[in-house]
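Peer 1: Quick one, structure for this:
(chains A, B, C and D)
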2 protein chains.
Amino acid sequence: MITMTSSAVHTPRGPVTRKDVARYAGVSTAVVSYVVNGGPKKVAPATEAKVQDAIRILGYRPNAAARALKMGSNQTLGLVIPDSSNPFWALLGHAVEVAAAERGYALLLTNSDNKLESERRHIRNLAARQVDGVVLASVMFEPDLLELVGAEIPSVLLNHASIAPGFNSVGVDLEAGARLAVEHLIGHGHTNIGLAMGITADNEADGREEGWRRALEAAGLPVGPLARGGFDRPGGYAAGQQLLAADNRPTAIFASSDMQAIGVLRAIREAGLSVPEDIAVASFDGSVEAEYSWPALTTVEQPVWEMAEAAVSALVGENRNEPPQHRVFPTQLRIRQSCGCP
Amino acid sequence: MITMTSSAVHTPRGPVTRKDVARYAGVSTAVVSYVVNGGPKKVAPATEAKVQDAIRILGYRPNAAARALKMGSNQTLGLVIPDSSNPFWALLGHAVEVAAAERGYALLLTNSDNKLESERRHIRNLAARQVDGVVLASVMFEPDLLELVGAEIPSVLLNHASIAPGFNSVGVDLEAGARLAVEHLIGHGHTNIGLAMGITADNEADGREEGWRRALEAAGLPVGPLARGGFDRPGGYAAGQQLLAADNRPTAIFASSDMQAIGVLRAIREAGLSVPEDIAVASFDGSVEAEYSWPALTTVEQPVWEMAEAAVSALVGENRNEPPQHRVFPTQLRIRQSCGCP
DNA sequence: CACTGGGATCTACTCGAGTCAACAAAAAGC
DNA sequence: GCTTTTTGTTGACTCGAGTAGATCCCAGTG
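Peer 2: I've put the predicted structure just below:
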């Protein structure tokens, strides 16, 4: 065996690099790379063993930044959601993470806290970090995408019906979903159905409002009272109180998110009324919360896992450079007790 | 103005680099760096303006990988949590993200799905990516930290009472918190208090079980029935059913997490009993869910934001190389209705 | 015995940005 | 008017890994 200065071998100050491994194994740096990546050139079994040993003994870890620089990709995606404390977004984040991980990508998660300024900042940050793709669940109906375009980063708009030209999008048919729920409430005999609607940063009405309206019109019913608030529990609570205080208090309420519905339930309880006897409730999202609330919520379920899968697959792999796609997933009404079903 | 080949200026194929900016502005690459980073050397105002213009016009974005390579840091932290669909972890993730962002760090979020193998894989992956620090909320009582040690990555164990030598940790006093809740139930006159306890991957009992036991002993009460299940809603539901079926059915139940408690509530309702009249409930975590459940849960609140702040600050900044700290935060009993209070 | 073929390995350049030593030019001092 | 200082700018080297092209060596062939 070749003698070496013990300082070089036993006390590799700082992180171990490819060079250290090469020296220790008595080969060139190229061979180390070939062994680590299994290519692009063959390495003799004996040499490979030497290198593997050296790697193990020295505790070598390839520098990800260097690889990213050379390869032009850091195998990372960015996700921007309004608020990961909202179970629906939390689940979606989870699903996107899994879909990304399956393809060897890690996920940078950012919360915009429902604030436009914050969303912009995060997008800028992700662009600066040159992630390989961004999944954006915007607080806006018409998100600001200039930064992403400028950085030439593939992006997917999530849960958006708006079709931004040149951008991929995946979402559900909000209008059809809402209609499903409202029609179900109508089926229970309700004629005065209110809407607790969430608000986006740019105050654009989304398909859920339209669906509610359409369902009522189609059934020849008058449009019930409408209250706006955040998509979260407090927002639903406030909207619920508003609806209960309306002149024509509705006998059923459709909420634009499960979280809102949970706030609505609270408002109803505090008013001394009960669900579904006095007021029936249905909502949108299909999060786990809905199943365990009291009473369990009848809700329009979004295929979160499929959506996450579609979003990620549009960003990576062979689809990267294909023309942008707009995938709209169908929703499904999950019937539980809050609507009046047994 | 100097004439240039239009191809170089107007059609910068591929991403724009520092060199392109330098050429366009008619300066050296060093100056571009100085302008971008505001140092380390001064640049004449006129030159700076030229460079800024060039940057704007060409749409230059510094390559993060190159910077990371040179600087030895990618300004990124990793977070490993059991399950971001669990609102407590979701909130914690959110808090860690904010704390990291405040210091200019981005957050790689990973879910271990309560599986040890998955946790290991994520840790290995984060180590390979050479994040600047890892916040680990392990599924294990005694997590496997070799990978992190080997990669010399600063780490913080989260929500862990176990004091792993050489590692930072931040958590709450589980035992004291549990005692708080159980003592409160005792104060309501209950003498048979059951426990719905979560299970970790290595089946180690944590402080919450001990706190429950101690509180009962201190009051001279017999130890009530105990059921184990996951920390999530289904786990609590199962544990709740078990407790209700016990010979000595408890009149009060302490659950080791809010999610479990929500499952317990469901089990109780399905048994035709009501909370808190027939059975009182208290739990641990202090998540938003607890506030909006029915009835609202009396719960032991963890100072999530402070914990996240402490975890991140132990990883970055001047604390990086200080001896590991073990910060234990106090909990606070948030009294609502599930315990029997009005 | 010289000669080719091919497998194994090495040398050297590249990715893009940070920054220091060296240098030029302008300002200040005497 | 000639040094000194200051200010502004630059060339060149560095970080660590991927890999094309050159080189080396040995078995097999004519």
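Peer 1: Verify the stated contact: A:V32 with A:D20.
Peer 2: No - the criterion here is C-beta atoms under 8 Å, and A:V32 misses it with A:D20 at 9.3 Å. The way it works is simple: take the backbone N, C-alpha and C, and place the C-beta from them, glycine included.
Peer 1: Who has more neighbours out of these two?
Peer 2: Of the pair A:V32 and A:D20, A:V32 is the one with more neighbours under other C-beta atoms under 10 Å in any protein chain shown, namely 25 against 21.
Peer 1: quick one: which helix or strand includes that one?
Peer 2: helix A:29-37 (DSSP states H and E).
Peer 1: who touches the helix or strand just after that helix?
Peer 2: Following helix A:29-37 in sequence order, the next helix or strand is helix A:45-58 (DSSP H and E). Contact with helix A:45-58 is made by A:12, A:16, A:20-21, A:24-27, A:31-32, A:35-36, A:43, A:60, as judged by C-beta atoms under 8 Å, 6 or more residues apart in numbering or on different chains.
Peer 1: what's A:A127 sitting at in phi/psi?
Peer 2: A:A127 has phi and psi values of phi -60, psi -40 when expressed as degrees, to the nearest 10.
Peer 1: quick one: which two of the contacts of helix A:45-58 are the most distant?
Peer 2: Farthest-apart pair in the contacts of helix A:45-58 is A:P12 and A:V43; separation 22.8 Å (C-beta to C-beta).
Peer 1: where do the strands sit along chain A?
Peer 2: Applying DSSP state E to chain A gives strands spanning A:76-81, A:106-111, A:133-136, A:155-158, A:168-172, A:193-198, A:226-229, A:252-255, A:280-285, A:298-301, A:326-329, A:332-334.
Peer 1: average model confidence for stretch A:105-117?
Peer 2: Stretch A:105-117 shows a mean pLDDT of 92 in the predicted model.
Peer 1: wait, stretch A:266-283
Peer 2: pLDDT averaged over stretch A:266-283 gives 93.
Peer 1: Dump that stretch to PDB, restricted to CA.
Peer 2: C-alpha atoms of stretch A:266-283 as PDB (Å, rounded to 0.1, in the frame of the first residue of the first chain):
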ATOM      1  CA  ARG A 266     -70.200  27.300  14.900                       C
ATOM      2  CA  ALA A 267     -72.200  30.400  14.100                       C
ATOM      3  CA  ILE A 268     -75.300  28.300  13.800                       C
ATOM      4  CA  ARG A 269     -74.700  26.500  17.100                       C
ATOM      5  CA  GLU A 270     -74.100  29.700  18.900                       C
ATOM      6  CA  ALA A 271     -77.400  31.000  17.600                       C
ATOM      7  CA  GLY A 272     -79.000  28.100  19.300                       C
ATOM      8  CA  LEU A 273     -80.000  26.400  16.100                       C
ATOM      9  CA  SER A 274     -79.100  22.900  15.000                       C
ATOM     10  CA  VAL A 275     -77.700  21.300  11.900                       C
ATOM     11  CA  PRO A 276     -79.300  19.900   9.800                       C
ATOM     12  CA  GLU A 277     -82.700  20.300  11.500                       C
ATOM     13  CA  ASP A 278     -82.900  24.100  11.400                       C
ATOM     14  CA  ILE A 279     -80.300  24.800   8.800                       C
ATOM     15  CA  ALA A 280     -78.700  22.400   6.400                       C
ATOM     16  CA  VAL A 281     -75.100  22.900   5.300                       C
ATOM     17  CA  ALA A 282     -72.900  21.700   2.400                       C
ATOM     18  CA  SER A 283     -69.500  22.700   1.400                       C
END
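Peer 1: which residues are in contact with it?
Peer 2: Applying C-beta under 8 Å, 6+ apart, the set of residues contacting stretch A:266-283 from outside is A:181-182, A:184-185, A:188, A:190, A:233, A:236-241, A:243-244, A:250-258, A:260-261, A:264-265, A:290, A:295, A:297-300, A:337-340, B:292, B:294.
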